[in-house]
Each structure stands twice: as C-alpha cells, then as structure tokens.
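Trainee: Let's see this in three dimensions:
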Amino acid sequence: MAKKKDLVYEPDYVVPPGDTLQEMLEARGMVPADLAKLTGLTTEALDEILGGRAPITPATASSLESVFGVPAGFWINLQRNFETDSARLRKTEAKATKNKAAVQFVVTDDAGSHRARLPRAPLSTRGRV
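Mentor: Numbers count the residues shown, from 1 in each chain. Below you'll find the model as predicted:
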C-alpha cells in the first residue's frame, strides 16, 4: 500500500489567484475597470492582484463573492494555496542549490589516495565575468 506521503500532490509550479480572477473576468466579458466599479477597488489594486503582485485579502474576497457569487472562502483558499506552494518551491529550490554547491567528485591520484575536488567550470565559461 502506498504511504500517505506518496499520495501528496505537490506541483512544481504555482498559480497566482489573479489568474483565476482573470479567467472569470474573461468568461463574463468584463475588464478590470468593470470589476473595480462593482467592488469599489481601484483598477491599480486589481491590476496588482491580476499580476500576482498583491494578495486577495478577506475584504477583497468578500467583494468578489458579491460580484461573482463564488464564496469568499474559495478566493481565500486560492491565496493560501499560492502562498503555501510558493514557500514550498522556494525551499525546494534553495535545497537544490545548496546540494548542487555541495557536490564533490572524488579522484584518485597516482599514489592511490583519494581526495575531494569541486567540479570545474566548463572551459567556455572560465575566466569570464
């Protein structure tokens, strides 16, 4: 039987909640300015959310619920998943970078002794800044 850890879905990408919001706008033939009028948000604030540079706050989620009829919890969960997945990917990337830097090759010299050596840069990149 598979272990519980084996069944966990952990994508190697993140989806900002603004992507889903953009899809909902397009499906309804709306533009951010239309949504701004209906929610009281500025078009600048919506552009930040749509671009993934600003979060969907509980207040924003409530406004989106009143416009789209989609529960505020849906928007909050999108935001939470985005933040959680982003943090997990940053941690994974940092670990991979650390492991890559720690890779060493063991070589044997003419006397038969072993020593560790860091891999050298390819000839095409040596000495270049």
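Trainee: quick one, strands of this protein?
Mentor: With DSSP state E, the ranges of strands along the chain come out as 105-108, 114-117.
Trainee: which ones are touching L78?
Mentor: Going by Cβ atoms under 8 Å, 6 or more residues apart in numbering, L78 touches V15, P17, T20, I56. C-betas here are computed from N, CA, C, even on glycine.
Trainee: Now do the residue lying closest to the second one once chain neighbours are set aside against E44, distance only.
Mentor: For P17, ignoring the flanking residues on the chain, the nearest one in space by Cβ to Cβ, 6 or more residues apart in numbering is L78 at 3.8 Å. In this view, L78 and E44 are 21 Å apart by Cβ to Cβ, to the nearest Å.
Trainee: so how far does stretch 33-50 reach from one end to the other?
Mentor: From its first residue to its last, stretch 33-50 covers 12 Å (Cα to Cα, to the nearest Å).
Trainee: what comes up buried for that stretch?
Mentor: When neighbours are counted by 16 or more other Cβ atoms under 10 Å, the buried residues of stretch 33-50 are found to be L35, A36, T39, L41, A45, L46, I49, L50.
Trainee: Just name the shakiest helix or strand of the protein by mean pLDDT.
Mentor: Lowest on mean pLDDT, DSSP states H and E among the helices and strands of the chain sits strand 114-117, with a mean of 51.
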